[in-house]
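J.: Show me how the following folds:
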Amino acid sequence: MSLKLQQYIHGTWVNAKSGNTRDIINPFNQEVIATVPEGDEADAKAAIAAARAAFDNGEWSSTPATERGAIVRKIAELIERDKDELARLESLDTGKTVEESRGDMDDIAGVFRYYAEIADKDGGELIDSPVPNSTSRVVREPIGVCGQITPWNYPLLQASWKLAPALVTGNTLIMKPSEITPLTTIKVFELMEEAGVPAGVANLVLGAGNTVGAELSSNIDVDLISFTGGIVTGKKIMQAASVNVKKLALELGGKNPNIIFGDADFETAVDQALNGVFFHAGQICSAGTRLIVEESIHDAFVNALVERVKKFKLGSGFEENTQMGPLISAEHREKVEKYVETGIKEGATLAAGGSRPEDPELQNGFFYLPTIFTDCTTDMSIVQDEAFGPVITVEKFRAEEEAVKLANDSIYGLAGGVWTNDIVKAERCVAKMRMGTVWINEFNLYFPHAPWGGFKQSGIGRELGRLGMEEYTETKHIFQNLKPEPINWF
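T.: Numbers count the residues shown, from 1 in each chain. Below is the predicted model:
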């Protein structure tokens, strides 16, 4: 492995000030794949000071947007060059199949390229001033120092959603990846250095949320926090950020409904329902874990799901025929197991899975069988709470209005889907669904041009698209009097 396996602060690769380290574990077999620094508040403060100084000297923010875009485009090219290495690291880190990881790298390069292309496309706005002999214009300027905290499920993809727009808009930043999956983020910081990002502009601190993350959230020299993760941590960040009224961009997960009408293409809906949940072992914030199925096809649909999941191939992400890898850690698997136990106690019917696999070859990994619950109702915690694992709950409906009501019965509002061949019915449904993204006859598709984020307690703000870039800017109105005269009021 050619990684530097260090933190990156003010253009220098460094160990943790405390000297502490953390072993990074392969979730497939629990082997140690790397040892990295375990930073804390002291490291975070050093990175914040570097980012603050770099922003306040104005070199990066005053660099023409075209030049900033060119550097970000170079990062995209380097990611494509090192795609295979990055995919290998991502699969070692997360347990996902290497095919999934290669797809992630294409998406990640696409995110950097998208923001590089639009870096210089916002020239501001001229307003027709009501005052004679004057001009009025609106411009966007960088917010300043940005703290960025990313999750373990899509380490580099989520990092790209934050890094690229922050850089092209002229901000400086401190990134804290998940302490258990930092390897591809370290690698992309190597590539950012190679691409020519100036010292102090992008800083990387490794460590836990309760130390590094807490310092980023509460430090008054940080102007914005962008966080992707759980709702409990998100609320803590909101409280800590109030110390200097930081800007916030929060993506806090979801419990996403997938409505299946009786007139949908049955085989395609079954296939996509499975893909919408069991891709990456269900460890996706937008996973369609709440299936809401019309009564007329409910039994047949459930039977089809059960028959398909029995044939899933679990295994190493580096084996060609593997369809689903392990969960990320022993602790997370225990969380999923408790979630399943709760479902059984609540009276849901366990139709498939619900245990660890018996295959001897899987015993060293954090595997869990794909699981299906039927006879579910919205008053059950398994329907309301995010399991973040390979578990589907199935609810039944009769009328269109009931389906939409069930879909909206959640504190979350990240994403949802509707499957029907009646496009008018589909449009009626999506108009009433309180979610940031709604798919019609599709699930879990995203691309850099379209904004991503949630309603309700799924978060604040948007990533991706132009809105994702605007999250990293402040709006300034500039008025100029071309012919000033005394008012003579006093």
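J.: Cross-check the contact I'm expecting between Glu361 and Gly315.
T.: Yes. Glu361 is in contact with Gly315 according to CB atoms under 8 Å; the separation is 7.2 Å. Just so you know, the C-beta spots here come from the backbone N, C-alpha and C atoms, and that holds for glycine as well.
J.: Which one of these two is surrounded by more residues?
T.: Applying other CB atoms under 10 Å to Glu361 and Gly315 shows that Gly315 carries more neighbours, namely 22 against 12.
J.: Contacts only, for the more buried one.
T.: Counting by CB atoms under 8 Å, 6 or more residues apart in numbering, Gly315 makes contact with 321-322, 325, 361-362.
J.: Domain ranges for this structure, per the record?
T.: 7-252+458-477, 257-440 (automatic domain parsing).
J.: okay, these in CSV with distance to Ala450 next?
T.: Converted to CSV, these look like this (distance: least, CB to CB, whole Å):
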stretch, distance to Ala450
domain 7-252+458-477, 5
domain 257-440, 8
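J.: What is the neighbour count of the nearest residue to Tyr154 once chain neighbours are set aside?
T.: Nearest non-adjacent residue to Tyr154, counting by CB to CB, 6 or more residues apart in numbering: Asp104, 6.7 Å away. When neighbours are defined as other CB under 10 Å, Asp104 has 24 of them.
J.: Please look at Asp104 and Leu157 and confirm they touch.
T.: Yes. Between Asp104 and Leu157 a contact is recorded at 5.2 Å, counting by CB under 8 Å.
J.: Between the domains of the chain, which one is closest to Lys483.
T.: Judged by CB to CB, the one of these that comes nearest to Lys483 is domain 7-252+458-477, at 3.8 Å.
J.: now that closest one: how far from the chain's centre is it?
T.: 12 Å (CA atoms, centre = their mean, to the nearest Å).
J.: Just the endpoints, please. Distance across that domain?
T.: One end of domain 7-252+458-477 to the other measures 39 Å (CA to CA, to the nearest Å).
J.: average pLDDT for it?
T.: Domain 7-252+458-477 carries an average pLDDT of 97.
J.: go on, stretch 272-287?
T.: With pLDDT averaged residue by residue, stretch 272-287 scores 96.
J.: is the closest residue to Asn15 other than its chain neighbours in a bridge, and if so with what?
T.: The shortest distance from Asn15 to any non-neighbouring residue, by CB to CB, 6+ apart, is to Pro37 (4.8 Å). Beta bridges link Pro37 to Thr21 when assigned by DSSP bridges.
J.: Pro37: neighbouring residues, count only.
T.: Burial of Pro37 is recorded as 23 neighbouring residues (other CB under 10 Å).
J.: Helices of the stretch 251-400 of the chain, residue ranges please.
T.: Using DSSP state H, counting those that start in this stretch, the helices of the stretch 251-400 of the chain run over 266-278, 295-309, 330-346, 381-384, 400-408.
J.: can I get these in CSV with mean neighbour count and distance to Gly253?
T.: Converted to CSV, those look like this (neighbours: other CB atoms under 10 Å; distance: least, CB to CB, whole Å):
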stretch, mean neighbour count, distance to Gly253
helix 266-278, 20, 15
helix 295-309, 17, 23
helix 330-346, 16, 13
helix 381-384, 18, 12
helix 400-408, 19, 16
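J.: now for those, which one comes closest to Pro132?
T.: Among the helices of the stretch 251-400 of the chain, helix 400-408 comes nearest to Pro132, with 51.3 Å by CB to CB.
J.: ok, now which ones touch the residue nearest to the spatial centre of the chain?
T.: In the chain, the centroid-proximal residue (CA atoms, centre = their mean) is Gln158; its distance is 4.5 Å. The contact partners of Gln158, by CB under 8 Å, 6+ apart, come to 150-151, 228.
J.: can you check Ser226 too?
T.: 146-149, 162, 166, 249-250, 461, 463, 471.
J.: tell me the SS of it?
T.: Following DSSP: H, G, I helix; E, B strand; the rest coil, the label given to Ser226 is strand.
J.: Return the set of residues that bridge with it.
T.: Taking DSSP bridges, one obtains Gln148, Ala249 as the residues bridged to Ser226.
J.: if I look at it, how far off is Met175?
T.: 9 Å (CB to CB, to the nearest Å).
J.: Identify the contacts common to those two.
T.: Residues touching both Ser226 and Met175 (CB under 8 Å, 6+ apart) are 148-149, 162.
J.: Save those as a markdown table, and put in distance to Gln239 and neighbour count too.
T.: Converted to a markdown table, those look like this (distance: CB to CB, whole Å; neighbours: other CB atoms under 10 Å):
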| residue | distance to Gln239 | neighbour count |
| --- | --- | --- |
| Gln148 | 19 | 26 |
| Ile149 | 15 | 25 |
| Lys162 | 21 | 25 |
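J.: of these, closest to Glu427?
T.: For the shared contacts of Ser226 and Met175, the nearest to Glu427 is Lys162 (32.9 Å; CB to CB).
J.: Can I get the strand or helix carrying the closest one in CSV, CA atoms only?
T.: Secondary-structure assignment from DSSP states H and E places Lys162 in helix 155-168. The C-alpha trace of helix 155-168 is given here as CSV (Å, rounded to 0.1, in the frame of the first residue of the first chain):
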residue,chain,number,x,y,z
PRO,A,155,-16.6,7.4,2.3
LEU,A,156,-15.2,9.0,-0.8
LEU,A,157,-18.5,9.6,-2.6
GLN,A,158,-19.8,11.6,0.3
ALA,A,159,-16.4,13.4,0.6
SER,A,160,-16.6,14.4,-3.1
TRP,A,161,-20.1,16.0,-2.5
LYS,A,162,-18.5,18.3,0.0
LEU,A,163,-14.9,18.8,-1.3
ALA,A,164,-15.7,19.8,-4.9
PRO,A,165,-18.2,22.6,-4.3
ALA,A,166,-16.2,24.0,-1.3
LEU,A,167,-13.1,24.2,-3.4
VAL,A,168,-14.5,25.7,-6.5
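J.: relative orientation of it and strand 224-228 in degrees?
T.: Relative orientation of helix 155-168 versus strand 224-228 (axes from the mean of the first three to the mean of the last three CA atoms, to 10 degrees): 160 degrees.
J.: What number of residues are in the vicinity of Gly389?
T.: So Gly389, with other CB under 10 Å, has 24 neighbours.
J.: which residues touch it?
T.: When contacts are counted by CB under 8 Å, 6+ apart, Gly389 touches 281-283, 327, 332-333, 335-336, 339, 368, 371.
J.: out of these, what pair is the most spread apart?
T.: Taking CB to CB, no two of the contacts of Gly389 sit farther apart than His332 and Thr371, at 14.5 Å.
J.: coming back round to it: the residue nearest to Asn15 and Asn20, how far apart?
T.: Pro37 sits 7 Å away from Asn20, going by CB to CB.
J.: What of Pro177?
T.: Counting by CB to CB, the gap from Pro177 to Asn20 is 17 Å.
J.: same question, Gly282
T.: For Gly282, the distance to Asn20 equals 32 Å [CB to CB].
J.: The two - which one has more neighbours?
T.: Neighbour comparison, Gly282 and Asn20: the larger count goes to Gly282, with 24 against 13 (by other CB under 10 Å).
J.: isn't the more buried one right up against Glu386?
T.: No. Here Gly282 does not reach Glu386: they are 10.0 Å apart, not a contact under CB under 8 Å.
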